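**Student:** Quick one, fold the following:
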Amino acid sequence: MAVRELTFRIMRYNPDEPEKKPHLQDFHLTEEPGMSLFVVLNKLREEQDPTLRFDFVCRASICGSCGMLVNGKPTLACKTLTKDLPPVTTLLPLPVFKLLGDLSVDTGVWFRDMSLRTESWIHTDETFVPDAPEVRMDNELALKIYEAERCIECGCCIGGCATANIKSDFIGAAGVNRVARFMVDPRDKRTEREYFDVVGTEDGVFGCIGLMACDDNCPVGVPLRDQLAYVRRKMAVAGWHYQKV
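**Tutor:** Predicted structure coming up:
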């Protein structure tokens, strides 16, 4: 493989220095075999500019911390190999979320707010008995729940969502996926009307305009399109019944 000299055009901005406008800064690096953007960013910070800000934890596509725009596409830095990139690559922070600096954004506050709005916990009147044996769940149902639970909350689906970029209150595919997880869980005793009150609005499932960038950009392959269709269908029926009452 021929050795390439790569250029990374990275957005720089420090909110603590608002007088300095956001700008792009070029960094140059020699490509190495098997190099990922995770490795690139760490080398740049260690060898060229220690002030460069970005987020990472696991480097294994599990934590979701290193989400960013790579040539305009929301993805994970740790999962992106330089061999798949052109000689010049532009790196920008994910939109929608609060910018902490350079490529670092605060996804935690957004996801916490979404969890509270969608009431992301099991709703039941049953008394918890710690010594009771676990209730078995059949594999097919467990896999349906697991599909939604695979979300790593990286924010790529939100960063690429047209509605989320326009409406700050939109829960996005991540929120709809979270609702779908509890809808299929038999332990959750909420009625369709109760779910409708949570997600049956333009800030919820009916705010999606159907571009499906969320499904295209999910780095771990959560079936967001299917989850959206499932929840929207259930909420459309619930809304019809709701209006007749």
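**Student:** ok, residues contacting stretch 134-144?
**Tutor:** 184, 186-187 (C-beta atoms under 8 Å, 6 or more residues apart in numbering). For glycine as for every other residue, the C-beta is placed from the backbone atoms N, C-alpha and C.
**Student:** tell me which of those is nearest to P223?
**Tutor:** V184 (12.6 Å; C-beta to C-beta).
**Student:** Need the per-residue pLDDT for the closest residue to that closest one other than its chain neighbours.
**Tutor:** Leaving aside its chain neighbours, V184 sits nearest to K144 (4.9 Å; criterion: C-beta to C-beta, 6 or more residues apart in numbering). On the pLDDT scale, K144 is placed at 93.
**Student:** and what of I166?
**Tutor:** 94.
**Student:** For it, grab the count of nearby residues.
**Tutor:** When neighbours are counted by other C-beta atoms under 10 Å, I166 registers 11.
**Student:** Spatially central residue for this protein, please.
**Tutor:** In the chain, the residue lying closest to the centroid (C-alpha atoms, centre = their mean) is G155, at 2.3 Å.
**Student:** quick one: low-confidence ranges for the protein?
**Tutor:** Across the chain, residues meeting the criterion (pLDDT under 70) sit at 1, 243-245.
**Student:** who touches stretch 14-21?
**Tutor:** For stretch 14-21, the surrounding residues in contact (C-beta under 8 Å, 6+ apart) are 13, 99-102.
**Student:** For that stretch, C-alpha coordinates in CSV please.
**Tutor:** Below are the C-alpha coordinates for stretch 14-21, written out as CSV (Å, rounded to 0.1, in the frame of the first residue of the first chain):
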residue,chain,number,x,y,z
ASN,A,14,-13.6,27.3,22.4
PRO,A,15,-16.9,28.5,24.0
ASP,A,16,-14.8,30.1,26.7
GLU,A,17,-13.3,32.4,24.1
PRO,A,18,-16.4,33.7,22.2
GLU,A,19,-14.4,36.5,20.6
LYS,A,20,-12.7,33.8,18.5
LYS,A,21,-15.0,32.7,15.8
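**Student:** Give me the buried positions along it.
**Tutor:** For stretch 14-21, burial by neighbour count (16 or more other C-beta atoms under 10 Å) applies to no residue.
**Student:** That stretch: how far from the chain's middle?
**Tutor:** Centre-to-centre, stretch 14-21 and its host chain are 27 Å apart (C-alpha atoms, centre = their mean, to the nearest Å).
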